[in-house]
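Novice: Compute the structure for the input listed below.
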Amino acid sequence: MNMNFDQARFNMVEQQIRPWEVLDSKVLALLESIHREDFVPMRYRKLAFADIEVPLACNQVMMRPKIEARMLQALDLKEDETVLEIGTGSGFITACLSRLAKSVVSVEYFEELHNEASLKLQDQGISNVELFVGDVLSGWQPEQAHDVVVVTGSVPVIPEQFKGWVNPGGRMFIITGDSPAMDARLLTRLGVTEWSDESLLETELPRLVNAELPPEFEF
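Specialist: Presented below is the predicted three-dimensional model:
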């Protein structure tokens with residue numbers, strides 16, 4: 001029996017995402033229109049809309065749909081903003097960000113995931129995304145700061161260089177702390193050194209690669 005992906009997508013929005021206090025009509029419309037099943041590994045396609053972390057290659061996972069939705073709502077992206085995504089993963093969040101913002105730069109540690117996401121984004125006709133392979137905790141850095149930084153893996157504490165990649169007035173979504181009670185946070189850069197810090201929810205997410213290692217350089 002073939003799965004009705006349109007119905008499953010609608011059910012995900014109505015039964016998982018809305019009850020989780022995601023009421024932003026722009027975010028809800030986005031999640032109903034982007035085909036999440038196209039970004040999920042083929043063998044897990046029928047789990048694309050389940051309330052689980054879908055496994056990816058390289059021991060990575062996709063965030064639960066309701067966490068993605070809460071993140072997108074909290075970031076409140078504007079059409080003229082630029083985004084840096086740390087951890088391309090499946091490319092699904094990249095696709096969502098690309099629809100809400102002016103442009104997205106996304107960096108992935110694993111070349112296999114980078115290559116798969118690149119093909120999927122091309123298939124979707126998404127052209128305002130620039131993809132890189134690199135290790136943000138060991139040398140890779142963006143050419144410029146961005147209005148929004150999205151980190152799709154957890155860290156024990158926020159690396160200082162990440163803060164430097166956020167424009168004044170910009171925001172960062174990041175998950176910090178230790179399993180099983182990690183904290184999803186929205187940081188807003190108020191000035192050169194001044195930030196506001198809002199705790200959004202408790203969740204859990206695998207570590208960014210090398211996030212457990214002490215930084216090699218102190219700037």
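
Novice: hey, let's count contacts and neighbours off CA atoms from now on
Specialist: Fine.

Novice: Now the residue nearest to Phe162 when sequence neighbours are not counted. Its backbone dihedrals?
Specialist: Distance criterion C-alpha to C-alpha, 6 or more residues apart in numbering; nearest residue to Phe162, sequence neighbours excluded, is Val149 at 8.0 Å. Per-residue torsions, Val149: phi -120, psi 130 (degrees, to the nearest 10).

Novice: and if you look at Tyr109?
Specialist: Torsion angles, degrees, to the nearest 10, at Tyr109: phi -70, psi -40.

Novice: And for Gln141?
Specialist: Dihedral angles (degrees, to the nearest 10) for Gln141: phi -150, psi 150.

Novice: for the protein, what spans make up the strands?
Specialist: 82-86, 103-108, 129-133, 146-155, 166-176, 182-189, 195-203 (DSSP state E).

Novice: and the last one, C-alpha only, in PDB?
Specialist: Presented in PDB, the C-alpha positions along strand 195-203 are these (Å, rounded to 0.1, in the frame of the first residue of the first chain):
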ATOM      1  CA  TRP A 195      23.600  39.400  24.100                       C
ATOM      2  CA  SER A 196      20.100  38.400  25.200                       C
ATOM      3  CA  ASP A 197      19.700  34.600  25.800                       C
ATOM      4  CA  GLU A 198      16.300  32.900  25.700                       C
ATOM      5  CA  SER A 199      15.800  29.300  26.700                       C
ATOM      6  CA  LEU A 200      13.300  27.800  24.200                       C
ATOM      7  CA  LEU A 201      12.900  24.200  25.400                       C
ATOM      8  CA  GLU A 202      14.700  21.100  26.700                       C
ATOM      9  CA  THR A 203      15.700  18.600  24.100                       C
END
